[in-house]
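quick check, what structure comes out for this input:
(one chain, ligands or ions: 1)
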Amino acid sequence: MIKLYELTGNNNLIFSPYCWRIRLALLHKKVRFSSEKTAFIDIKTIPNGNFKTVPVLLDNDTAISDSYKIAEYLDATYPTQPLLFNSKELCAFSTFIEGWANALHSDIAKIAIADIYDHLQEKDKPYFKTSREAFFGDTLAEIQSKDGDTAKITLLAKLTVLDKYLDKFEFLGGTTPLYSDFIVFGTLQWLLSTSNTFQMSDFSPAVQSWFLSLKKIYDIND
Ligand SMILES: N[C@@H](CCC(=O)N[C@@H](CS)C(=O)NCC(=O)O)C(=O)O
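Below you'll find the model as predicted:
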């Protein structure tokens, strides 16, 4: 069976945006998988590679990292299962969606970085604190309290693009969810599952309704 190595916090919280993208991709493709719960500091122990990030997908002897490459692999390897990209053009275009969604990550980090820390497994906390404080040049608490409110305004302004799109189409994939939906879902699920202050009601009605439809279709309960 396929193994999905995914970042896991305390109380088995799955929160990584990239891991959520692949979790939904596997659910969409209806391919059975086991969740291999992984801490930041244990990524280097994932078999069959010298991996630095999760998700990692292990399918028999094939191990792949990088969420986008995993999505492409899944469609190439399981073409008779529902597709994540229903054309080559859409696969290419979805890299634009990936870039757009990833550009929300620095805002989300500022909104929730201290909350994310609180959700980590104890053994991950020193690594996360040291690496993120070095990256941002400030303490986690200071980043969130100083920059969080402005980052929230910026994030919501960026999300008006999604809101306007969802006025016209049910999903980013049009009439059916596709990988581009899972990309953006993963990013927003990361925020909602970790932030103590940001709530679903902060999103526009169209974004809320799209997000909740995806949760319903793929039976996501948290
Ligand atoms: N381009 C990669 C990025 C994956 C990534 O950055 N994952 C984070 C978790 S959200 C990670 O594993 N970070 C390892 C670390 O910070 O040490 C992908 O799309 O899978």
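
part of a strand, is S34?
Yes. According to DSSP: H, G, I helix; E, B strand; the rest coil, S34 belongs to a strand.

do you know how far S67 is from K3?
Relative to K3, S67 is positioned 15 Å away (C-beta to C-beta, to the nearest Å). (Glycine included, C-beta is placed from N, CA and C.)

compare the two (neighbour count), which wins?
S67 (26 against 17; other C-beta atoms under 10 Å).

do I have it right that the more buried one meets R21?
Yes. Between S67 and R21 there is a contact at 4.8 Å, judged by C-beta atoms under 8 Å.

residues bridging contact with those two, i.e. touching both?
With contacts taken as C-beta atoms under 8 Å, 6 or more residues apart in numbering, S67 and R21 have 55, 186 as neighbours in common.

strands of the protein, start to end?
2-7, 33-38, 56-59, 62-65 (DSSP state E).

and the helices in the protein, which stretches?
Using DSSP state H, the helices found in the chain span residues 17-29, 67-77, 88-102, 105-119, 125-136, 140-158, 160-168, 179-194, 205-217.

next, format those as CSV and append mean pLDDT.
Converted to CSV, these look like this (pLDDT from 0 to 100):
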stretch, mean pLDDT
helix 17-29, 98
helix 67-77, 97
helix 88-102, 93
helix 105-119, 98
helix 125-136, 97
helix 140-158, 97
helix 160-168, 97
helix 179-194, 98
helix 205-217, 98
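
tabulate those (JSON lines), appending distance to L57.
Output for these, formatted as JSON lines (distance: least, C-beta to C-beta, whole Å):
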{"stretch": "helix 17-29", "distance to L57": "7"}
{"stretch": "helix 67-77", "distance to L57": "5"}
{"stretch": "helix 88-102", "distance to L57": "17"}
{"stretch": "helix 105-119", "distance to L57": "21"}
{"stretch": "helix 125-136", "distance to L57": "23"}
{"stretch": "helix 140-158", "distance to L57": "29"}
{"stretch": "helix 160-168", "distance to L57": "27"}
{"stretch": "helix 179-194", "distance to L57": "14"}
{"stretch": "helix 205-217", "distance to L57": "21"}
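
for G9, find the nearest of these.
helix 105-119 (4.2 Å; C-beta to C-beta).

quick one: buried residues of that closest one?
Buried positions in helix 105-119, judged by neighbour count with 16 or more other C-beta atoms under 10 Å: 107-117, 119.

surely K110 touches I153?
No. Counting by C-beta under 8 Å, K110 stays clear of I153, with 11.0 Å between them.

would you mind naming what in the protein lies close to the ligand?
7, 16-18, 40, 43, 53-55, 66-68 (C-beta under 6 Å from any ligand atom).

drop anything exposed from those.
Neighbour counting with 16+ other C-beta under 10 Å marks 7, 16-18, 40, 43, 54-55, 66-68 as buried within those.

who does the nearest residue to T8 once chain neighbours are set aside bridge with?
Among residues not flanking T8 along the chain, K37 sits closest, at 3.9 Å (C-beta to C-beta, 6 or more residues apart in numbering). Here K37 shows beta-bridge partners E6, assigned using DSSP bridges.

K37: neighbour count?
Counted with other C-beta under 10 Å, the neighbours of K37 add up to 16.

and what of the one 5 residues further on?
Around D42 sit 17 other residues, with neighbours defined as other C-beta under 10 Å.

and for T38?
Residues lying near T38 (other C-beta under 10 Å) number 22.
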